[in-house]
Structure formats: structure tokens, C-alpha cells
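In: my questions concern the predicted model and sequence given below.
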Amino acid sequence: MHHRTFVTVRFPVIAALLCMLGGLTPFANAQENNNPPAGFSTLFNGKDLAGWWGETTTDPRSYIDSDKLAERKEKSLADIQQHWTVDNGELVNDGHGLYLTTDKFYGDFELWVDYKTVAKADSGIYLRGVPQVQIWDYTKEGGKWNLGADKGSGGLWNNPKSWPGKDPAVLADKPFGEWNRVHVLMIGDYVTVWLNDKLVVDKAKMHNYYNRKDTEEHGYEPVPMHGPIQLQTHGGEIRWRNVFIREIPTDESNKALRAMAEKDGGFEPVFNGKDFTGLKGPVDNYQVTPEGTLMCKPGKGGTIFTDKEYGDFTATLEFLLPPGGNNGLAIRYPGSGDTAYVGMCELQVLDNTAEKYKGLHPAQFHGSAYSQVAAVRGYQRPVGEWNYQTVTVKGHHITVELNGFIILDTDLDKADPKNMHYPIEKFQGRDRLKGSFGFAGHSDPVQFRNVNIKPLD
């Protein structure tokens, strides 16, 4: 069963960030008549179905790069034209057929949609092609209180029962016959939803409906990094209008992710943006750029590391990869030797898209506990854009979140030696419980900035 929507005044970047953090009500002076506010674009022009095609509940990664995507879209239009119409500036669906799907695929975004539905209907909005922000009949007469309809619309209905966001925090639906307004912010796989000015989902991770397999290496695979917006059809007429979207730029996403990760405080800088204070090792092989970033000099390398040692900790940072860039994060480094083997591990920092790396072992790509446990791929930003990453180490458990997606969630104690690139005996330091944090350069000008660490023990 799949089910599932949005608004705002145009805010400057900081206002959108505050929305993401749940600190701003985003509804005053909302635009009407399918005319988007400044900074937003319209997904529905109020006249026809231009910019849309039809799809079902399908993992967008199965078609996003297909050479037959144009043919797939064309074949869907007959069904769309049968079940979708435009009436007086409103999108109307009869409760049947394919879901209206945007031509364009989106990463991080801010979205609003107005909708009006009828009794016993059941619909919603797919985010990046993933179900869903729920829209349904919240009354007892609707017959779905056993599924949670009594709690109202706006929740991430396909999240597991134990996950935040599955049910809306408050019942915010308006009576049938009235328009509802939903506003959504999605950064990484974090989703915030307001329904009719009320916060119903607060920065909840969206579960990947298409991959429920729980693996020891990295837990649930995250939702796709990119995908379409879909308006779902399900069992009753639903009308839509004022469908607007704003693509969130990288710097704004990174600020929001950092604010979430560091909201409880306690972080201290690893690199001050000016010099190598607090760092030691072959610092002459690195440089501080005029922009205040830490960069490994081309053709140089080695591991530079903190004066202070850490047991359990959370580290936050941004990194910028050049084409083919290779570096690493030293975890519990003893101060000499190759951190991949004498430290607890090296967390790989790598341009996964480089052709020269296509033959690497799976545990040698970005985010992996180098040559021990593989991270999930597909969540890096394009080369030349800053990536945001959070690393949490507790005991021998490591969690790596890249751009808002968990790509590694593993306990080295439980790692399967059969999946390692080298014999387990090679990793002499994997049981370490304390050591320095650092950067393991490998001749490429990889840059780091906003590097902070919070001791947890």
C-alpha cells in the first residue's frame, strides 16, 4: 500500500535553513493562482500537463539513466490523458491511472502543494520517486483508522513503525471541500513537513521503500539522491494547485546538515582555517589555502593528526575532491605508520566517479572503512562541489553520513573477513579504542573545511 504534499513566502537562504530546523513558520503571504514566489519554479502551469509524464511506484534508479527513458515517458501519456485533466487552473485526477511524475529529477528541495480531496480517497506525494507523504481520509467513516488514518495526513506512511515521521505529530487536515496546504523540505533523506501551518514531521529520515534489506555492513540503503516528484492517485478524486519547488543549493544544504548534527553543542575545531595549530605530523606536505581550507599539496601526502587523542567521538566536516582525488580520515591513529592498518581504520575519501578507480575492491570506495567494510555508493555530489560528512565512532561501531545519507553503519568487531580486501591480520590496529583524528593524504589536492569534533566519552 502506498500513500502521500505543500507552501511559503520567498525567504532568503537563512530563512529556508530555519524552516529546515523547525524554527520558522513558512506560510505568510503564500503565492496563489499557480504563480510561484521568488526563487521557486512552478511544476504545474495552470493550463496543461506540460513537464509531466506517468509512472507507478518504481525505484527511479531503474530508469533515471536509461536510454529508453524518453520512450517510457511517451508510452505513459495515453494513460495520463485518460485520468488527468485541467479544470479552471486545477489539476484533477479521477482516482485512477498512473501517477503524475515530473520530467525533471530533484536532489535537495523545498516544495509546496495545495490539494483538495474527497471522502474515502487515499493519495499522496512521492519524494524523489519514493513513497510517501500521506494524504487520506482521516475520518472514522473512511475505514482506515486501523492503518493510522485517525492521526491525519502528512506523515511518512511507509516508514517502519519504529521510525520517527511515520505518523504526523498532530492532526492538521481540513474538512472535505476545503483546500489543504503542505510544505516540505527534503535535504539528504531528512524530511520536514508542515500541513496547514502545523509541523507534522520534523527532520525525520525517510525510509527507502525500494530496499528494505537490513545488512550488517551498512544497514538500510538510503533513498535515492535524485528522483522525480510524483502526485499519487488512489481511489478518489483529488485536485491540486500551486505546485511550486525550489532546488536547495549545496552550501545551504551543508549549513542545514551541520546545524542538525551540531545542535547539541560540544564541538571543538580540529582545523582553525588559519594554520596548523593543534595538528602534527608532516604538516609541510599540506597548506592552508587563501580561502581558509586545509589542502594536501599535489604530489605530497602522509597523515597529519590531532595533538589530542579521542575515544568515542563525532566529527563533522566538508571536503572538496578534485577529479580522481584520494585522501582519507585517520580514525584513532597512534601517531605513526599507515592509519589504514595501524589505526582503528582509515575512512576513505575518494572520487568514486574516476575511471581509474573503477576496478577497486568495494571496500576501497568513499566512506568505506578502508579495505575492511564497504560503504554504499551513489551519494557524492559532483566533483567540484563541497560534500558534507558526519562520522560517529562508538567503541568499534562506525557511522558515516554523507550529504544527509547514511552510507556506512557497521561494527568492525562483526565485520566479515571474507568481505575484506586483505587478510584480517593486516589490520593490526582495528581494536584500538583511542587515538588521534587526522587526514591521510595521497598526493592529491583534496580540501577540507569546517572540521569539528565532539568527544563522546
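Out: Everything's here; your move.
In: does Asp413 count as helix, strand or coil?
Out: Secondary structure for Asp413, judged by DSSP: H, G, I helix; E, B strand; the rest coil, is helix.
In: find the nearest non-adjacent residue to the spatially most central residue of the chain, please.
Out: Compute the mean C-alpha point of the chain, and by C-alpha atoms, centre = their mean the closest residue is Gly188, 1.4 Å away. Excluding the flanking residues, the one nearest Gly188 by C-beta to C-beta, 6 or more residues apart in numbering is Gly404, at 1.3 Å. Every residue, glycine included, has its C-beta placed from N, CA and C.
In: correct me if wrong: the one you found contacts Ala261.
Out: No: the pair Gly404 / Ala261 is not scored as a contact, 9.8 Å apart, by C-beta atoms under 8 Å.
In: compare those two (neighbour count), which wins?
Out: Neighbours per residue (other C-beta atoms under 10 Å) separate Gly404 from Ala261, with Gly404 holding more: 26 against 20.
In: next secondary structure after the worst-scoring helix or strand of the chain on mean pLDDT?
Out: Comparing helices and strands within the chain by mean pLDDT, DSSP states H and E singles out helix 13-20 as the least confident, with a mean of 47. For helix 13-20, the following helix or strand on the C-terminal side (DSSP states H and E) is strand 41-42.
In: chain center to the following helix or strand past that next one, what's the gap?
Out: Next in sequence after strand 41-42, counting helices and strands by DSSP H and E, comes strand 52-55. Mean-position distance between strand 52-55 and its chain equals 24 Å (C-alpha atoms, centre = their mean, to the nearest Å).
In: what is strand 52-55 packed up against?
Out: Packed against strand 52-55, as judged by 3 or more C-beta pairs under 8 Å, 6 or more residues apart in numbering; DSSP states H and E, are the following elements: helix 69-83, strand 99-102.
In: can you tell which of the ones you listed is closest to Gly236?
Out: Of all the helices and strands packed on strand 52-55, helix 69-83 sits nearest to Gly236, with 12.3 Å by C-beta to C-beta.
In: mind checking the pLDDT average for that closest one?
Out: Model confidence over helix 69-83, given as mean pLDDT, is 97.
In: so Ile64 sits in a strand?
Out: No: counting by three-state DSSP, Ile64 falls outside a strand, being coil.
In: do you know how far the closest residue to Asn45 other than its chain neighbours is from Ile245?
Out: Among residues not flanking Asn45 along the chain, Asn34 sits closest, at 6.6 Å (C-beta to C-beta, 6+ apart). Note on Asn34: its distance to Ile245, by C-beta to C-beta, to the nearest Å, is 13 Å.
In: and for Met206?
Out: Applying C-beta to C-beta to Met206 and Ile245 gives a distance of 17 Å.
In: try Thr277
Out: 44 Å.
In: can you tell me how far Gly39 is from Arg246?
Out: From Gly39 over to Arg246 (counting by C-beta to C-beta), the distance is 5 Å.
In: between those two, which one's more packed in?
Out: Using other C-beta under 10 Å, the more surrounded residue of Gly39 and Arg246 is Arg246, with 23 against 15.
In: average model confidence for the helix or strand containing the more buried one?
Out: Following DSSP H and E, the helix or strand that holds Arg246 is strand 238-247. The pLDDT scores in strand 238-247 average 96.
In: list the buried residues for it?
Out: Residues of strand 238-247 classed as buried under the neighbour-count rule (16 or more other C-beta atoms under 10 Å) are Ile238, Arg239, Trp240, Arg241, Asn242, Val243, Phe244, Ile245, Arg246.
In: same list (these) but as a markdown table, adding distance to Val193.
Out: Shown next, in a markdown table, are the buried residues of strand 238-247 (distance: C-beta to C-beta, whole Å):
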| residue | distance to Val193 |
| --- | --- |
| Ile238 | 17 |
| Arg239 | 20 |
| Trp240 | 16 |
| Arg241 | 18 |
| Asn242 | 16 |
| Val243 | 15 |
| Phe244 | 15 |
| Ile245 | 15 |
| Arg246 | 16 |
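In: so who does the residue nearest to Ala169 when sequence neighbours are not counted touch?
Out: Closest residue in space to Ala169, ignoring its immediate chain neighbours: Val200 at 5.2 Å, by C-beta to C-beta, 6+ apart. Listed by C-beta atoms under 8 Å, 6 or more residues apart in numbering, the contact partners of Val200 are Gly152, Ser153, Gly154, Gly155, Pro168, Ala169, Val170, Ala172, Val193, Trp194.
In: what about those, which one has the most neighbours?
Out: Gly154 (34 neighbours).
In: let's verify that one: helix, strand, or coil?
Out: coil.
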